[in-house]
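Participant: any chance you could fold what I've pasted below:
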Amino acid sequence: MLHQRPDAESANYRILIQGNICRNNARHGIHVGANMRQVHLSNNLCVDNGVNLSIYGDNCTSTGDVAIGTTDRLFTEDVYRPNVLVVGRSVSLVNLTALGTRFVGVQLSGQNISLNGGIVGEMNKEPVPESGNPALRPSAGEWGRGSGEFYIKGDSRIGIAVVPDVWRNVEVQPLNVRIVGVRVHDCRVAIKVGETASRISMEGCDLDDNEIAG
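Facilitator: All right, here's what the predicted structure looks like:
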């Protein structure tokens with residue numbers, strides 16, 4: 001974790017994180033905090049972490065990183081955290097692989113974000129109790145329970161979500177987001193764009209193998 005620092009002058013910058021395996025952490029696999037600048041991730045493997053990859057820093061890149069599965073432990077009462085989360089500015093992700101998430105594969109909430117190539121999908125199916133009624137979301141603090149116990153009502157199993165994120169009690173709105181040449185498969189909703197997102201463009205994406213394209 002490159003932790004956020006209140007003073008931008010003391011924050012880390014110009015760092016390369018390459019070829020690491022991050023596995024079975026309750027919170028993050030790799031987390032680039034706010035005020036970090038020019039952090040470059042390459043060919044890292046993040047497996048079964050609370051959030052496999054999160055980028056809050058600016059002018060960062062991710063090339064060939066792989067995020068597989070999440071523990072479903074890092075959540076609030078209303079929102080489970082995604083497999084991959086981008087809230088920073090001027091972030092480029094190339095050939096990202098994000099597989100095996102129960103809720104959101106990739107969430108893009110920052111500004112000037114580019115997601116180019118790669119694959120998102122293979123979501124687990126929703127468990128339904130024998131009664132046929134959806135099970136309720138666990139309340140905050142119920143850590144460590146098996147993910148198969150929960151069913152989430154409404155829009156879930158989203159491949160790519162371009163939606164706001166709340167950071168330090170401030171809502172960050174997606175702006176200038178480009179999604180190019182990404183394959184999204186086996187999701188309920190391939191791509192969801194929030195109503196407040198601005199200047200969102202998509203080109204050459206393969207969205208056929210989903211219940212809803214977007």
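Participant: where's the most centrally placed residue in the chain relative to G100, distance?
Facilitator: In the chain, the residue lying closest to the centroid (CA atoms, centre = their mean) is V84, at 2.4 Å. Noted for V84: a distance of 12 Å to G100, by CB to CB, to the nearest Å. C-beta: built from backbone N, CA, C; applies to glycine.
Participant: and what of A8?
Facilitator: 35 Å.
Participant: residue contacts, M202?
Facilitator: M202 makes contact with R178, I179, V180, I191, according to CB atoms under 8 Å, 6 or more residues apart in numbering.
Participant: and it, what helix or strand is that in?
Facilitator: For M202, the element it lies in under DSSP states H and E is strand 198-203.
Participant: quick one: strands adjacent to that strand?
Facilitator: For strand 198-203, the paired strands and their directions (DSSP bridges) are strand 175-180 (parallel).
Participant: what about the lowest-mean-pLDDT helix or strand in the chain, distance to the chain center?
Facilitator: Of the helices and strands making up the chain, the lowest-confidence element is strand 165-167, at a mean of 78, by mean pLDDT, DSSP states H and E. What separates the centre of strand 165-167 from the centre of its chain is 13 Å, taken as CA atoms, centre = their mean, to the nearest Å.
Participant: so which elements touch it?
Facilitator: strand 170-172 (3 or more CB pairs under 8 Å, 6 or more residues apart in numbering; DSSP states H and E).
Participant: pull the residues that contact the strand it packs on.
Facilitator: Outside strand 170-172, the residues within contact range by CB under 8 Å, 6+ apart are V87, S109, G110, Q111, P164, D165, V166.
Participant: can you name the two of those that are farthest apart?
Facilitator: Q111 and V166 (15.3 Å; CB to CB).
Participant: coming back round to it: out of the contacts of strand 170-172, which are buried?
Facilitator: Using 16 or more other CB atoms under 10 Å as the burial test, those include V87, S109, G110, Q111, P164, D165 as buried.
Participant: could you dump the residues you listed to JSON lines with distance to E171?
Facilitator: Output for these, formatted as JSON lines (distance: CB to CB, whole Å):
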{"residue": "V87", "distance to E171": "11"}
{"residue": "S109", "distance to E171": "9"}
{"residue": "G110", "distance to E171": "12"}
{"residue": "Q111", "distance to E171": "13"}
{"residue": "P164", "distance to E171": "5"}
{"residue": "D165", "distance to E171": "7"}
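Participant: ok, now which ones touch the nearest residue to I21 once chain neighbours are set aside?
Facilitator: Nearest non-adjacent residue to I21, counting by CB to CB, 6 or more residues apart in numbering: L45, 4.9 Å away. By CB under 8 Å, 6+ apart, the contact list for L45 reads N20, I21, C22, R23, D65, V66, I68.
Participant: which of those residues are buried?
Facilitator: Buried residues within the contacts of L45, counting neighbours by 16+ other CB under 10 Å: C22, D65, V66, I68.
Participant: mind checking pLDDT for V47?
Facilitator: pLDDT recorded at V47 is 90.
Participant: which among the contacts of M202 gets closest to V104?
Facilitator: Of all the contacts of M202, V104 sits closest to I191, with 11.0 Å by CB to CB.
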